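S.K.: have a look at this prediction, sequence included:
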Amino acid sequence: DTGVSQNPRHKITKRGQNVTFRCDPISEHNRLYWYRQTLGQGPEFLTYFQNEAQLEKSRLLSDRFSAERPKGSFSTLEIQRTEQGDSAMYLCASSPTWGGTKYNEQFFGPGTRLTVL
Amino acid sequence: ILNVEQSPQSLHVQEGDSTNFTCSFPSSNFYALHWYRWETAKSPEALFVMTLNGDEKKKGRISATLNTKEGYSYLYIKGSQPEDSATYLCAFPSNYQLIWGAGTKLIIKP
């Protein structure tokens, strides 16, 4: 399967714990995005990488959130000291720099569902 | 602030019936509009990229139209089947990100 993969698919944690999610994009895609979706809402942008460089962070990404893409391939999203409000679906997407750039076509993984108790 | 809205929020349709729903978006500085289908436990799947005013695109029983001047797009499903049950989302590209509607959850009743 050459699509975007995310691990774990589900994570249940207690408030105050740290969690880390992983995203493996489509191999030839330079761009990688993280989104968060809460119940009844559409996905909301969190952050964006071009290769290993984090080029934009949303105001939704508080100091407790950090994302990395150390070698320009997979990415991790870490949430420290989780709060119940962090419960959401975390989606990762990737896109090539060439081709669909003008229309920003993005390819999505299945998401990681986080539940904070 | 860009706003993308979808209606209705949810829809129950009898198997075999046809249905449609709406996405409205900012009509200024239009580049494209994306439609995605998101089934439970799966990845959001791209259906269409709409780019030109008056565009009509079709994939099997699903089609979409675009009106960039008034800022709306319709998604149509003809002869709904149980496998069409999913959330249908539209998204408006803004620089590097997609601005999403909240989706229309479609449930097909056998």
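M.R.: In hand now; what should we look at? Predicted model only: the values in this text are computed from it and were never measured.

S.K.: tell me how far the residue nearest to the spatial centre of chain A lies from chain B.
M.R.: Geometric centre of chain A, nearest residue: A:Trp34, 2.9 Å, by C-alpha atoms, centre = their mean. The gap separating A:Trp34 from chain B is 10 Å, by C-beta to the nearest C-beta, to the nearest Å. Every C-beta, even on glycine, is put in place using the N, C-alpha and C of the backbone.

S.K.: in which helix or strand does that residue reside?
M.R.: Using DSSP states H and E, A:Trp34 sits in strand A:31-37.

S.K.: what's that strand packed up against?
M.R.: strand A:44-50, strand A:75-79, strand A:88-95, strand B:97-100 (3 or more C-beta pairs under 8 Å, 6 or more residues apart in numbering or on different chains; DSSP states H and E).

S.K.: return the residues of chain B in contact with chain A.
M.R.: B:4, B:6, B:9, B:31-32, B:34, B:36, B:41-46, B:49, B:51, B:89, B:91, B:93, B:95-103 (C-beta under 8 Å from any C-beta of the partner chain).

S.K.: let's see 7 Å
M.R.: B:31-32, B:41-44, B:46, B:49, B:51, B:89, B:93, B:96-98, B:100-103 (C-beta under 7 Å from any C-beta of the partner chain).

S.K.: which of these count as buried?
M.R.: The neighbour count (16 or more other C-beta atoms under 10 Å in any protein chain shown) marks B:32, B:43-44, B:46, B:49, B:89, B:93, B:96-98, B:100-103 as buried among these.

S.K.: of these, closest to A:Phe49?
M.R.: B:Tyr96 (9.8 Å; C-beta to C-beta).

S.K.: what pairs with the strand or helix carrying B:Cys23, parallel or antiparallel?
M.R.: Secondary structure from DSSP H and E places B:Cys23 in strand B:19-24. As defined by DSSP bridges, the strand partners of strand B:19-24 come to strand B:5-7 (antiparallel), strand B:72-77 (antiparallel).

S.K.: next, the buried residues of the helix or strand just after the longest one.
M.R.: Along the chain past strand B:72-77, the next helix or strand (assigned with DSSP H and E) turns out to be strand B:86-94. Buried residues in strand B:86-94, defined by neighbour count with 16+ other C-beta under 10 Å: B:86-93.

S.K.: so how far is strand B:86-94 off the chain centroid?
M.R.: In terms of C-alpha atoms, centre = their mean, to the nearest Å, the centre of strand B:86-94 is set 6 Å apart from its chain centre.

S.K.: what average pLDDT does that strand get?
M.R.: Throughout strand B:86-94, pLDDT has a mean value of 94.

S.K.: helices or strands next to that strand in the packing?
M.R.: Packing partners of strand B:86-94 (3 or more C-beta pairs under 7 Å, 6 or more residues apart in numbering or on different chains; DSSP states H and E): strand B:33-38, strand B:97-100, strand B:104-109.

S.K.: list of residues touching it?
M.R.: Strand B:86-94 is contacted from outside by A:42, A:103-104, B:2, B:4, B:6, B:21, B:23, B:25-26, B:31-39, B:44, B:73, B:75, B:98-101, B:103-106, using C-beta atoms under 7 Å, 6 or more residues apart in numbering or on different chains.
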